[in-house]
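Peer 1: A structural model of the following input is requested.
(one chain, ligands or ions: 1)
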Amino acid sequence: MAEIRLSGVSKRWGSFIGVDKFDLTIPDREFLVLLGPSGCGKTTTMRMIAGLEDPTEGEILIDGKVVNDLEPKDRDVAMVFQSYALYPNMNVYENIRFPLRVRGSDPATHKEKVMRASAMVELDDFLHRKPAELSGGQRQRVALARAIVREPNVFLMDEPLSNLDAKLRVSTRAQIKNLSHELAVTTIYVTHDQIEAMTLADRVVVMEKGVVQQVGSPTEIYDRPANTFVASFIGNPAMNLMKGEVAGGTFRAPHTEIAGLSIGDGPVTLGFRAEDAEVAGEGGQITAPIYTLELLGDATMVSVRIGGALVSAKADKSFRAEIGDMVSIRIPAQICHLFDAETGARIG
Ligand code: ATP
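Peer 2: Here you go, the predicted model:
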């Protein structure tokens, strides 16, 4: 059992703020993903939980006990990094067994524990190989098994898939998801890849510049982004965002008129997702010449330019047109997200 609580946790180096007042309770067994662009403070947050970095302010609690002054080895957390840090002279078996030896646990139990962990990551047939004789994916699985064998209360994973090729990443991702479920351990996972975040997480924390932007389930974050940063970070392609003016419930921007919005008059940023819009023959809310067409296999992405920004909508894969042809995009009011024109905060 491990509930983790961060209470007003900040990390500063001089005047630079790496993490700013992080507050969150992570219930036992939750799979929490820290997501954000490079430098947003994900790794620093995780290193503070692991005990590898001291917070400048705030408290970190594991199961209700403040652990700020506990050494990493006394926190009962196991970390998996993007660099696997395997011992090159030890075979897979010995690499996986290593944490058990360091801890001085009963050697009679080692074999069973190593065999169980290696079976979980499907490495049973590779136990005699050295790391140099393994693929990147297999090495990453050794690192995972080495964390599993410790039977920690908390798993901390920092971009564990980033050194793997695209195909291996998908299969290892599925394996991690399955493992965390099977082991029922609280897991905190750092990534800048929103697909990884969406597929793995019970909850996602979106960060930017050291500040938490939103915490929610993948669906909440996708369906109701708290601000324009989250809206443009989650989803592929990013949410379309247009600046314009609302008057009498109608949003207006160049080539664009969307009626039926329940919002007061004034400037707003309006967003909608390409997959929620429809490409129509005519009568849509945006009518503009096609700027690009991209064939995606299962659909065609149609983009137009509105006030210097690209605005995209997903059309059927049978959609046929040329660049420069006029296209009409249907954007009913109910698919629109509205954000404050100045702060970017969600307003509807
Ligand atoms: P990435 O995805 O690139 O690993 P991240 O979100 O994990 O990024 P962090 O490693 O947490 O980012 O770094 C957050 C910010 O703190 C960065 O701007 C980084 O340059 C800064 N930073 C990290 N360690 C130190 C340090 N020891 N001294 C000063 N600044 C640091």
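Peer 1: How about residue 143: what's its closest non-neighbour residue?
Peer 2: residue 84 (4.1 Å; CB to CB, 6 or more residues apart in numbering). C-beta coordinates here come from the backbone N, C-alpha and C atoms, glycine included.
Peer 1: Quick check: phi and psi at the one you found.
Peer 2: Dihedral angles of residue 84 (phi, psi; degrees, to the nearest 10) stand at phi -80, psi -20.
Peer 1: Which residues are in contact with the residue lying closest to residue 39 once chain neighbours are set aside?
Peer 2: Excluding the flanking residues, the one nearest residue 39 by CB to CB, 6+ apart is residue 209, at 7.9 Å. Residue 209 makes contact with 17, 20, 39-41 under the criterion CB atoms under 8 Å, 6 or more residues apart in numbering.
Peer 1: of all these, which comes closest to residue 257?
Peer 2: Nearest to residue 257 among the contacts of residue 209, counting by CB to CB, is residue 40 at 36.6 Å.
Peer 1: doesn't that closest one fall inside a helix?
Peer 2: No. Checked against DSSP: H, G, I helix; E, B strand; the rest coil, residue 40 lies outside a helix; its state is coil.
Peer 1: Bridged to the closest residue to it other than its chain neighbours, which residues?
Peer 2: Nearest residue to residue 40, sequence neighbours excluded (CB to CB, 6+ apart): residue 207, at 4.3 Å. Residue 207 has these beta-bridge partners by DSSP bridges: residue 212.
Peer 1: Verify the stated contact: residue 207 with residue 43.
Peer 2: No. Counting by CB atoms under 8 Å, residue 207 does not reach residue 43; the two are 10.6 Å apart.
Peer 1: Counting neighbours, go ahead and name the busier of these two.
Peer 2: Set side by side, residue 207 and residue 43 show more neighbours around residue 207, with 27 against 20, by other CB atoms under 10 Å.
Peer 1: how much space between residue 77 and residue 291?
Peer 2: 49 Å (CB to CB, to the nearest Å).
Peer 1: Counting neighbours, go ahead and name the busier of those two.
Peer 2: Using other CB under 10 Å as the criterion, residue 77 and residue 291 rank with residue 77 on top: 25 against 16.
Peer 1: how about the nearest residue to that one, chain neighbours excluded?
Peer 2: Looking at residue 77 with CB to CB, 6+ apart, the closest residue is residue 154, at 4.2 Å.
Peer 1: Would you mind listing the residues in contact with the one you found?
Peer 2: 2, 4, 49, 62, 75-78, 185-188.
Peer 1: so what's it bridging to?
Peer 2: residue 77, residue 186.
Peer 1: could you say which helix or strand contains the closest residue to residue 264 other than its chain neighbours?
Peer 2: Distances taken as CB to CB, 6+ apart place residue 246 nearest to residue 264, at 7.2 Å, with adjacent residues excluded. Using DSSP states H and E, residue 246 maps to strand 240-247.
Peer 1: That strand: which residues count as buried?
Peer 2: Buried residues in strand 240-247, counted by 16 or more other CB atoms under 10 Å: 240-242, 244, 246.
Peer 1: Could you export those to CSV, including columns for distance to the ligand and pLDDT?
Peer 2: Converted to CSV, the buried residues of strand 240-247 look like this (distance: CB to the nearest ligand atom, whole Å; pLDDT from 0 to 100):
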residue, distance to the ligand, pLDDT
240, 26, 96
241, 23, 95
242, 29, 94
244, 33, 95
246, 36, 97
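Peer 1: tell me which of those residues is nearest to residue 318?
Peer 2: residue 240 (22.6 Å).
Peer 1: Could you find the closest non-adjacent residue to that closest one?
Peer 2: Here the residue nearest residue 240, using CB to CB, 6+ apart, is residue 311, at 4.7 Å.
Peer 1: my guess is the one you found is in a strand, correct?
Peer 2: Yes. According to three-state DSSP, residue 311 belongs to a strand.
Peer 1: what about residue 344, how many neighbours?
Peer 2: Other residues within reach of residue 344, judged by other CB under 10 Å, total 19.
Peer 1: how distant is the one helix or strand residue 215 maps to from the center of its chain?
Peer 2: Counting by DSSP H and E, the element that carries residue 215 is strand 211-216. With CA atoms, centre = their mean, to the nearest Å as the basis, strand 211-216 stands 11 Å off its chain's centre.
Peer 1: Show me what that strand is packed up against.
Peer 2: strand 16-26, strand 203-208, helix 228-233 (3 or more CB pairs under 8 Å, 6 or more residues apart in numbering; DSSP states H and E).
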